[in-house]
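> Attaching a predicted model along with its sequence, questions to come.
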Amino acid sequence: MEIKRFTVKEKEVTFYPAENGDRPLVVLNTYTGDGGLVMRTLRDMNCEDFNLLAIGNLNWDHDMTPWFCPPLSKNSPPCTGGADEYLGLLLSKILPKAMEIVNGTPTHIGIAGYSLAGLFSLYAMYKCNVFERAASMSGSLWYPKFKEFVLKNPMEHMPDKLYLSLGDREDKTRHPLLKTVRDNTEAIAEHYRRLDINTAFEINDGNHFKDETLRSAKGIMAII
């Protein structure tokens, strides 16, 4: 079926339709690109039929972050905590437009993302009841006070399935925040398991920047 593209408040949205009706829908927030490489990788992996809604041209350090975080280094920008604002746009404008063109009714709606978008995928589960599954690939779960937020707050919708992943070199750093990422991710995964949520946690080879496309595809496949 034909790929559809549209723009909502400068967000560039690409919709990859399933071949058949009534198939799952996964929302993928992307740092670069339109999700095409991820979709091709999923097809190479013989992934089952599904709809992908990829959203790009994001204000990454604003749209994907739940609250303020100072710059990680002198050359990096601060994170300015615009996740609630972006989630509102996603739910009120972007997702409804996708639902107008999807074939049939999705069996379930999932949300997925890499790095800060992985953080956002989990955060969204606490702020709305739209998503039934979530995948956080190499998620920025080092984010200050996020683990505490997860441990203290209930989700708006208990998910059917969660997927978390991390590279085995991602915590090998002297940075006081970034080096907490594995401990935090493991603690969050264990918390979800204690809640009887079907939770997968996968360790991949390499640092944060290795095999982003493949890791993204594996996470999406896990929640379809």
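Yep, that arrived. These numbers come from a predicted model, not from an experiment. Numbering: from 1, shown residues only.

> Show the low-confidence segments of this protein, by residue range.
1 (pLDDT under 70).

> buried set for the longest helix out of those in it?
Counting by DSSP state H, the longest helix found in the chain is helix 181-194. Buried residues in helix 181-194, defined by neighbour count with 16 or more other C-beta atoms under 10 Å: 181-182, 184-185, 188-189, 192. Any C-beta I mention is one placed from the backbone N, CA and C, and that applies to glycine too.

> Check stretch 19-36 too.
23-30, 34-35.

> How about stretch 163-176?
163-167, 170-171.

> before we move on, what about stretch 122-138?
Applying 16+ other C-beta under 10 Å to stretch 122-138 flags 122-125, 127-128, 130-138 as buried.

> now, which of those residues lie within helices?
Going by DSSP H, the helices hold 122-125, 127 from the buried residues of stretch 122-138.

> For residue 115, state which of the buried residues of helix 181-194 is nearest.
Minimum distance to residue 115 across the buried residues of helix 181-194 is 10.6 Å, recorded for residue 181 (C-beta to C-beta).

> who touches that closest one in this structure?
For residue 181, the contacting residues are 140-142, 166, 170-171, by C-beta atoms under 8 Å, 6 or more residues apart in numbering.

> before we move on, back to that, let me know the closest of the buried residues of stretch 19-36 to residue 11.
Closest to residue 11, out of all of the buried residues of stretch 19-36 and judged by C-beta to C-beta, is residue 29, at 9.4 Å.

> Identify the bridge partners of the closest one.
Under DSSP bridges, the beta-bridge partners of residue 29 are residue 55, residue 113.

> who's in contact with the nearest residue to residue 39 once chain neighbours are set aside?
The shortest distance from residue 39 to any non-neighbouring residue, by C-beta to C-beta, 6 or more residues apart in numbering, is to residue 16 (5.3 Å). By C-beta under 8 Å, 6+ apart, residue 16 lies in contact with 3, 35, 39, 51-54.

> Including secondary structure, could those go into JSON lines?
What follows is the contacts of residue 16, written out as JSON lines (DSSP: H, G, I helix; E, B strand; the rest coil):
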{"residue": "3", "secondary structure": "coil"}
{"residue": "35", "secondary structure": "coil"}
{"residue": "39", "secondary structure": "helix"}
{"residue": "51", "secondary structure": "strand"}
{"residue": "52", "secondary structure": "strand"}
{"residue": "53", "secondary structure": "strand"}
{"residue": "54", "secondary structure": "strand"}
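
> Just the C-alpha atoms of stretch 209-219, please, in PDB.
Only the C-alpha atoms of stretch 209-219 are listed here, as PDB (Å, rounded to 0.1, in the frame of the first residue of the first chain):
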ATOM      1  CA  PHE A 209      25.500   4.600  19.100                       C
ATOM      2  CA  LYS A 210      25.900   1.000  17.700                       C
ATOM      3  CA  ASP A 211      23.200  -0.600  15.600                       C
ATOM      4  CA  GLU A 212      20.500   2.000  16.300                       C
ATOM      5  CA  THR A 213      18.400   0.800  13.300                       C
ATOM      6  CA  LEU A 214      18.600  -2.900  14.200                       C
ATOM      7  CA  ARG A 215      18.000  -2.300  17.900                       C
ATOM      8  CA  SER A 216      14.900  -0.200  17.000                       C
ATOM      9  CA  ALA A 217      13.600  -2.900  14.700                       C
ATOM     10  CA  LYS A 218      14.100  -5.600  17.400                       C
ATOM     11  CA  GLY A 219      12.200  -3.500  19.900                       C
END
